[in-house]
Structures are given as structure tokens and as C-alpha cells.
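Student: Quick one: sequence and predicted model below, then my questions.
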Amino acid sequence: MYPNKKVQDLIGTTVQVEMKGEKYILEGTLSGMDDYLNLYMVNTAEVIDGEKSRIFGSIVLRGNNIVLITPVR
């Protein structure tokens, strides 16, 4: 679906991020990242069972806790 896509190429787009040990997904606009894959996101919401539940706004996700990053169409 997204051959050879790098995380840097996703900056400015909406992504879903699955975190270790969590049963929900965070969805928001990826605004930046660093060498440790720490993600900086804006307009972020928690998604539970496909429904947005809590709105977080701007957040930083620690790279070593990220399991999966998926672009949203």
C-alpha cells in the first residue's frame, strides 16, 4: 500500500499510532520527529473501537513505546 514510505515522509499528514501495552490508538497530525522516533503530534485524539473518545491536542510520544504508525487516507 505504501511501499518504501519513511516516517519523515508522513510529517504534515494524519497518522494513527498504536502504543505498547495500550488497547487504543492515537490519531492526529504528525508535526515532527527526532532521531529516537519520538513523535510530535497535534490535533490528537484517542480512538477506541473506531470512535474518537478523548481529545489531547498537542502531544509527544516516546519512540520506544511505539508499536505501529499507520497513515490515514
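Tutor: Nice, thanks for sending it over. Numbering: from 1, shown residues only.
Student: okay, CA-based contacts and neighbour counts for the rest of this
Tutor: Will do.
Student: Where does the prediction get shaky in the protein?
Tutor: Scanning the chain for pLDDT under 70 picks out 1-4, 22.
Student: Which residue ranges of it form helices?
Tutor: Taking DSSP state H, the chain contains no helices at all.
Student: Nearest to the spatial middle of it, which residue is it?
Tutor: By C-alpha atoms, centre = their mean, the chain has its centre lying nearest to residue 17, at 3.4 Å.
Student: Chain neighbours aside, what residue packs nearest to that residue?
Tutor: In space, and not counting its chain neighbours, residue 17 is closest to residue 69: 4.6 Å by C-alpha to C-alpha, 6 or more residues apart in numbering.
Student: and that neighbour, what does it touch?
Tutor: Residues counted as contacts of residue 69 (C-alpha atoms under 8 Å, 6 or more residues apart in numbering) are 15-18.
Student: Which members of those are the farthest-apart pair?
Tutor: Longest distance between any two of those is 10.0 Å, between 15 and 18; criterion C-alpha to C-alpha.
Student: ok so, going back, and the residue nearest to the centre of the chain, what are its bridge partners?
Tutor: In this entry, residue 17 is beta-bridged to residue 26, residue 69, by DSSP bridges.
Student: Can you tell me how far it is from residue 73?
Tutor: 14 Å (C-alpha to C-alpha, to the nearest Å).
Student: quick revisit: distance-wise, check the residue nearest to the centre of the chain relative to residue 52.
Tutor: 13 Å.
Student: ok, now residue 19?
Tutor: From residue 19 to residue 52 the distance is 16 Å (C-alpha to C-alpha).
Student: Settle it for me: which of those two has more neighbours?
Tutor: residue 19 (19 against 15; other C-alpha atoms under 10 Å).
Student: What is the burial count for the residue nearest to the more buried one when sequence neighbours are not counted?
Tutor: Once flanking residues are discounted, residue 19 sits nearest to residue 66: 4.6 Å by C-alpha to C-alpha, 6+ apart. Number of residues near residue 66 (other C-alpha under 10 Å) recorded here: 16.
Student: Could you do residue 63 as well?
Tutor: 15.
Student: cool, residue 48 as well?
Tutor: With other C-alpha under 10 Å as criterion, residue 48 counts 13.
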